[in-house]
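Undergrad: Build me a model:
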Amino acid sequence: MSLDATLSRIDNELPQTIERLMGLLRIPSISTDPAYDAQCDAAADWLVKDLQSIGVDAQKRVTPGQPMVVGHIDGPGPHLLFYGHYDVQPVDPLNLWHSDPFDPQLEDTPDGQVIRGRGSSDDKGQLMTFVEACRAYKAEHGSLPCKITFFFEGEEESGSPSLIPFMKENAEELNADIALICDTSMVSPGVPSIASQLRGMLKDEFTVHGPRIDLHSGHYGGPALNPLREISRIISTFHDDTGRVAIDGFYEGVHEVPADLLRQWQNCGFDEDTYLSSVGMTQPHGEHGYSTLVQQWARPTLEINGLWGGYQGAGTKTVIPAEAHCKITCRLVGDMDPDALRDKLRAHVEAQLSTDATITWNNDLDGSPAAVMNTDRPEFELARQALSDEWEREAVLCGMGGSIPIAGFFKEILNLDSMLIGFAQDDDAIHSPNEKYNVESFHKGMRSWARILDRLAQG
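TA: Numbers count the residues shown, from 1 in each chain. Next comes the predicted model:
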């Protein structure tokens with residue numbers, strides 16, 4: 001049977017598929033807040049029932065946290081493990097939403113229709129994009145072209161505390177030929193994208209201690225060590241005047257972008273002016289000598305995410321604080337080792353300390369290395385061809401500035417390569433008020449997944 005019949009069904013049943021997605025979006029599955037545990041459980045039940053409706057042997061699996069959903073369905077082609085997450089971010093600040101975040105709406109915008117609501121893009125909409133493609137394919141063909149294991153997590157937005165133990169305990173059941181991950185975006189509107197590399201992450205936090213107690217700035221201003229001034233001086237040494245990180249050994253394991261990949265990135269449709277102006281900037285402020293796209297996808301960073309101390313209330317309090325605090329994250333690329341980098345970062349900070357200043361570190365924070373996909377696998381070219389056919393534009397292998405730890409976990413625990421394909425847009429406002437998912441992304445995303453499954457089955 002021709003794939004055209006599946007694509008036509010996707011076209012004709014778009015209103016029904018949108019309404020099904022709306023049903024999932026109405027469930028406030030906020031995993032980070034225990035007050036919503038019952039709703040997370042309800043979202044898992046909803047997905048189990050929906051998968052079962054298309055013939056998937058699906059179950060809700062209990063964990064110490066939010067449940068997992070695991071389902072299996074046979075097919076003649078390769079064995080695919082499809083991953084998504086059904087939990088969502090909190091909705092605060094609620095007053096900035098234009099409508100109830102859990103009463104999803106179909107809206108007309110200058111750029112086309114969008115589905116507005118929490119989780120519409122991250123990640124319920126993307127998750128259901130794949131499920132609906134499977135539904136349409138099976139309705140036309142009677143079966144799916146590939147063997148598929150569905151693996152849906154309920155704690156991605158709250159650190160995935162149950163994920164690694166669950167994967168280790170169920171490694172044999174989750175084993176497949178390749179993993180598909182949907183939690184990504186397109187380089188720019190209309191440009192189908194396969195993420196070939198993800199930056200890793202290192203988190204750290206320190207407190208600089210000075211005097212034994214907060215001091216009166218009239219009595220001690222001058223002779224006293226001020227931890228806020230001390231911490232400001234320390235962080236000013238993190239970068240040189242060219243935007244390069246000035247910590248000894250920071251760039252160990254960093255590689256330049258291969259010329260062939262760089263050429264592909266240069267022609268991927270990325271609009272630097274739009275990217276910068278959308279957030280009120282006129283020029284990039286990172287490492288000199290690297291384009292905005294290379295800075296975002298392929299260069300490491302050290303960012304100060306929080307800096308505080310002293311009096312925070314209204315009015316003035318003439319105080320020299322006893323301590324000051326700093327939160328840091330580093331985005332990692334290539335072969336950078338997060339543990340080794342943590343040692344270098346801490347050594348640099350401690351070497352800057354003045355006499356009478358002491359420091360304590362938060363030792364509960366983690367790190368994960370960058371992930372580079374095995375794009376030599378034939379599945380990548382097959383998927384790229386399928387995406388190019390649907391969007392009538394050459395699909396690109398792109399980088400991603402963010403971190404998606406599940407790709408590394410699949411490799412580490414299951415020895416499984418991953419392929420990351422998503423249809424979100426940069427302006428979807430994920431994690432923010434008024435999150436949306438373009439109807440075009442949902443519609444053509446379903447058609448894209450149907451084409452990819454068909455092409456992977458043909459080999």
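Undergrad: what's the spacing between the most centrally placed residue in the chain and residue 220?
TA: The central residue of the chain, meaning the one whose C-alpha is nearest the mean C-alpha position (C-alpha atoms, centre = their mean), is residue 404 at 4.9 Å. Distance, residue 404 to residue 220, using C-beta to C-beta, to the nearest Å: 49 Å. In short, each C-beta sits where N, CA and C put it, glycine included.
Undergrad: and what of residue 180?
TA: Residue 180 sits 61 Å away from residue 220, going by C-beta to C-beta.
Undergrad: between the two, who's got more neighbours?
TA: When residue 180 is set against residue 220 and neighbours are counted by other C-beta atoms under 10 Å, the residue ahead is residue 180, at 24 against 15.
Undergrad: Check which helix or strand the more buried one maps to.
TA: strand 178-181 (DSSP states H and E).
Undergrad: And for that strand, what's in contact with it?
TA: By C-beta atoms under 8 Å, 6 or more residues apart in numbering, the residues outside strand 178-181 that reach it are 78, 80-84, 130, 377, 379, 404, 406-407, 410, 414, 416-422.
Undergrad: rerun that using 7 Å as the cut-off
TA: 80-83, 377, 379, 404, 406-407, 410, 416-421 (C-beta atoms under 7 Å, 6 or more residues apart in numbering).
Undergrad: Direction included, what does that strand pair up with?
TA: Here strand 178-181 is paired, per DSSP bridges, with strand 79-85 (parallel), strand 418-421 (parallel).
Undergrad: Among the ones you listed, which comes closest to residue 54?
TA: Taking C-beta to C-beta as the criterion, strand 79-85 is the member of the strands paired with strand 178-181 that comes nearest to residue 54, at 13.0 Å.
Undergrad: Can I get that closest one in PDB? Just the C-alpha atoms.
TA: Taking Å, rounded to 0.1, in the frame of the first residue of the first chain, the C-alpha atoms of strand 79-85 are listed here in PDB:
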ATOM      1  CA  HIS A  79      13.400  -2.000  16.300                       C
ATOM      2  CA  LEU A  80      13.000   1.600  17.300                       C
ATOM      3  CA  LEU A  81      12.900   3.000  20.900                       C
ATOM      4  CA  PHE A  82      10.800   6.300  20.900                       C
ATOM      5  CA  TYR A  83      11.300   8.600  23.900                       C
ATOM      6  CA  GLY A  84       9.300  11.600  25.000                       C
ATOM      7  CA  HIS A  85       8.100  13.000  28.300                       C
END
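Undergrad: and it, which residues are buried?
TA: Along strand 79-85, these residues count as buried under the neighbour rule (16 or more other C-beta atoms under 10 Å): 80, 81, 82, 83, 84, 85.
Undergrad: starting at the chain centroid, how far to the strand holding residue 180?
TA: Distance of strand 178-181 from the chain centroid (C-alpha atoms, centre = their mean, to the nearest Å) equals 15 Å.
Undergrad: Same check on stretch 337-344?
TA: Between the centre of stretch 337-344 and the centre of its chain there are 22 Å (C-alpha atoms, centre = their mean).
Undergrad: buried set for it?
TA: By neighbour count with 16+ other C-beta under 10 Å, stretch 337-344 contains the buried residues 337, 338, 341, 342.
Undergrad: can you tell me how far the residue of the chain most remote from its centre sits from residue 211?
TA: Taking C-alpha atoms, centre = their mean as the measure, the residue most remote from the mean C-alpha position of the chain is residue 219, 49.7 Å away. Taken as C-beta to C-beta, the spacing of residue 219 relative to residue 211 amounts to 11 Å.
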